[in-house]
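[1] The amino acid sequence is not available; the structure is as follows:
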Ligand SMILES: Cc1cc2nc3c(=O)[nH]c(=O)nc-3n(C[C@H](O)[C@H](O)[C@H](O)COP(=O)(O)OP(=O)(O)OC[C@H]3O[C@@H](n4cnc5c(N)ncnc54)[C@H](O)[C@@H]3O)c2cc1C
């Protein structure tokens, strides 16, 4: 399959916008041949659907859940990556992609959601604290951050109207005295501290905004409760078949965009597009908790570089907590994760298990973010991370440090989109829509 994205060494193949056939600008009747079916209504599928609809093409958007944005795009940290964390990819290729995604994130949301996108409230900026057993030493990290800064400066020179979640920082990261994080962080435990411009969004708020835009758009025919089972080539394009509470269904479409995230490879394989080997699905839990008053205005923290965690302080008095050694609960190289992961990824974690997970994660973080254990857990859930690698993040040679095998793969009118991260979902969603429009 030809691909957009660095894995094909082609860079982005930005296809020229074409005016969409007037025949396609009416809402699709169920029995007709649909111009395009988008599978999965996470941020990737929603981005494809919103861009196509924006450009005049009617879209059928299929989703197994009762609502859009209820899986990984909701149950994640919400960090819009500037590329700082991918310091172990010395080529800067991962950082370049994340930075590109970050700088397109809000402009694309604004294009699709209108001024409503301005309501997205960013977290407090992240500080990166360097663990004493970090995979990279502070000087090596500083070298990486300088490289990312050069990429950023070049991007700003080309597009002076920088919009990173409504900010236009000068410096992305600078080393500061560890004491500047007292009393919030037990700084003696760390080798160095960097203040960064990186921010996270509140994913629940993002989900609400995207759901509203999907529902409001007259050219998006959103079909929740529709589980896709298979896609097959047909005389006219593709037949997408599945089940729902009302029984089996199928849709014939000229083109298909697969945005199913952890189910994507399974459907690709069934459609005759064998995935390149090397993927791994990981199940990772998160905790959302109400902060004690003393921590309400604390810094957001990412501990680098290895199997550590994050605290993301939001402006509503809550925070996101993750601690990798506790929160990582599943790892598989199978084509799709086991069914046993599904409940947690729907937010369905039994009370006792949720309380135990929250306790373990908050206690582990309390050791370096004192007071975290006094937070009141509000939500414990999980998401699947899809990436490529055989060994875990504590291995400097692990493929998990390289996130460049992402983007859009196309074979005829079948397009498969791996957004890689939340950060890059709008960027690649728009690229996938370009592919569809180019064939329409
Ligand atoms: C714990 C965690 C933390 C993360 N932190 C960050 C972060 O800070 N920053 C960042 O940039 N990225 C982060 N990520 C990654 C990010 O969440 C994902 O890359 C992104 O959300 C993927 O978007 P998506 O639309 O492809 O997937 P999803 O949001 O999962 O959407 C896929 C959709 O397809 C639907 N679907 C699946 N199978 C079927 C089927 N058979 N039929 C019909 N519908 C189906 C699902 O229900 C879902 O709605 C994190 C991920 C996790 C799990």
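    Thanks, I have the structure now. This one's a predicted model, so the numbers in the text were calculated from it and none came from an experiment. Numbers count the residues shown, from 1 in each chain.
[2] Which residues of the stretch 251-400 of the chain lie near the ligand?
    Residues of the stretch 251-400 of the chain that fall close to the ligand, judged by CB under 6 Å from any ligand atom: 259-261, 263, 284, 286, 383-385. C-betas here are computed from N, CA, C, even on glycine.
[3] from those residues, which ones fall inside strands?
    Using DSSP state E, 284, 286, 383-385 are the members of these that sit in strands.
[4] residue contacts, the residue of the stretch 1-150 of the chain found nearest the ligand?
    Nearest to the ligand in the stretch 1-150 of the chain, going by CB to the nearest ligand atom, is residue 42, at a distance of 2.0 Å. With contacts defined as CB atoms under 8 Å, 6 or more residues apart in numbering, residue 42 is in contact with 68-69, 71-73, 259, 261, 425.
[5] and if we set it to 6 Å?
    Residues counted as contacts of residue 42 (CB atoms under 6 Å, 6 or more residues apart in numbering) are 71, 73, 261.
[6] I'd like to know how far the second one sits from residue 282.
    Computed with CB to CB, to the nearest Å, the distance linking residue 73 and residue 282 is 16 Å.
[7] do the same with the last one
    With distances taken as CB to CB, residue 261 is found 12 Å from residue 282.
[8] what number of residues lie near residue 397?
    10 (other CB atoms under 10 Å).
[9] now it, what's its secondary structure?
    Here residue 397 is recorded as coil under DSSP: H, G, I helix; E, B strand; the rest coil.
[10] give the contact list for the closest residue to the ligand within the stretch 101-250 of the chain.
    Residue nearest to the ligand within the stretch 101-250 of the chain (CB to the nearest ligand atom): residue 228, separated by 3.7 Å. Contact analysis of residue 228 by CB under 6 Å, 6+ apart lists 39, 62, 240, 242.
[11] redo that, cut-off 10 Å
    Each residue near residue 228 by CB atoms under 10 Å, 6 or more residues apart in numbering is listed here: 37, 39-40, 62-64, 240-243, 249, 251, 256, 258, 260, 263, 266-267, 270.
[12] How about residue 174?
    Taking CB under 10 Å, 6+ apart as the criterion, residue 174 is in contact with 142, 145, 149, 193-197.
[13] on that earlier part again, can you pick out the most distant pair from the ones in strands among the residues of the stretch 251-400 of the chain next to the ligand?
    Maximum pairwise distance among those (CB to CB): 12.3 Å, between 286 and 384.
[14] which of these two has more neighbours?
    Taking neighbours as other CB under 10 Å, residue 286 and residue 384 compare with residue 286 leading, 25 against 22.
[15] leaving aside the residues next to it on the chain, what's closest to that one?
    Sequence neighbours aside, residue 322 is the residue nearest to residue 286 in space, at 5.2 Å (criterion: CB to CB, 6 or more residues apart in numbering).
[16] Would stretch 405-421 count as contacting the ligand?
    Yes: for stretch 405-421 and the ligand, the contact criterion (CB under 6 Å from any ligand atom) is met by 419-421.
[17] Just the ones in helices from those, please.
    Judged by DSSP state H, the residues of stretch 405-421 next to the ligand include no members of helices.
[18] Let's see if you can find the most crowded of the residues you listed.
    Using other CB under 10 Å as the neighbour criterion, residue 419 leads those with 30 neighbours.
[19] In the strand or helix carrying residue 355, which residues are buried?
    Residue 355 belongs to helix 351-366 when elements are defined using DSSP states H and E. The neighbour-count criterion (16 or more other CB atoms under 10 Å) identifies 354, 357-358, 360-362, 364-366 as the buried residues of helix 351-366.
[20] got the residues you listed as TSV, with pLDDT columns?
    Formatted as TSV, those follow (pLDDT from 0 to 100):
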residue	pLDDT
354	98
357	98
358	98
360	98
361	98
362	98
364	98
365	98
366	98
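[21] ok, the residues you listed vs residue 309, which is closest?
    So of the buried residues of helix 351-366, ranked by how close each gets to residue 309 (CB to CB), first place is residue 365, at 6.3 Å.
[22] Spatially, which residue comes closest to the closest one, not counting chain neighbours?
    residue 372 (4.4 Å).
[23] residue contacts, that neighbour?
    Residue 372 makes contact with 184, 287, 289, 291-292, 295, 298, 311, 319, 321, 323, 361-366, according to CB under 10 Å, 6+ apart.
[24] Now with 7 Å, please.
    Listed by CB atoms under 7 Å, 6 or more residues apart in numbering, the contact set of residue 372 reads 311, 321, 362, 365-366.
[25] before we move on, the earlier item: of the residues of stretch 405-421 next to the ligand, which is the nearest to the ligand?
    residue 421 (3.2 Å).
[26] Strands along the stretch 1-150 of the chain, start to end?
    Using DSSP state E, counting those that start in this stretch, the strands of the stretch 1-150 of the chain run over 3-4, 34-39, 59-62, 79-80, 126-131.
[27] Quick one, which of the ones you listed gets closest to residue 315.
    Evaluated with CB to CB, those place strand 126-131 nearest to residue 315, the distance being 14.5 Å.
[28] gap between the closest one and the chain center?
    Distance of strand 126-131 from its chain centroid, counting by CA atoms, centre = their mean, to the nearest Å, is 21 Å.
[29] Where do the strands of the stretch 251-400 of the chain begin and end?
    279-290, 300-304, 309-313, 318-323, 328-332, 376-388.
[30] quick check: angle from the fourth one to helix 351-366?
    Calculated by axes from the mean of the first three to the mean of the last three CA atoms, to 10 degrees, strand 318-323 forms an angle of 80 degrees with helix 351-366.
[31] who touches strand 318-323?
    For strand 318-323, contacts defined as CB under 7 Å, 6+ apart pick out 77-78, 286-291, 309-313, 361-362, 364-365, 372, 375, 378.
[32] If any of the residues you listed are buried, give me the PyMOL selection for them.
    In PyMOL syntax, the buried subset of the contacts of strand 318-323 is picked out as below (16+ other CB under 10 Å):
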select buried, resi 77+78+286+287+288+289+290+291+309+310+311+312+313+361+362+364+365+372+375
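[33] what residues does the stretch 1-150 of the chain put near the ligand?
    Counting by CB under 6 Å from any ligand atom, the stretch 1-150 of the chain sits next to the ligand at 40-45, 62-65, 70-73, 76-79, 81.
[34] Mind doing that once more with 5 Å?
    40, 42-44, 63-65, 71-73, 76-77, 79 (CB under 5 Å from any ligand atom).
[35] between those, which is closest to residue 209?
    Among these, residue 43 lies closest to residue 209 (CB to CB), at 10.8 Å.
[36] Tell me the pLDDT of that closest one.
    Looking at residue 43, its pLDDT is 99.
[37] same deal with residue 32?
    According to the prediction, residue 32 has pLDDT 79.
[38] quick revisit: dump the strands of the stretch 1-150 of the chain into CSV; add mean neighbour count and distance to residue 137 as well.
    Compiled in CSV, those are given as follows (neighbours: other CB atoms under 10 Å; distance: least, CB to CB, whole Å):
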stretch, mean neighbour count, distance to residue 137
strand 3-4, 21, 35
strand 34-39, 27, 44
strand 59-62, 27, 47
strand 79-80, 24, 23
strand 126-131, 23, 8
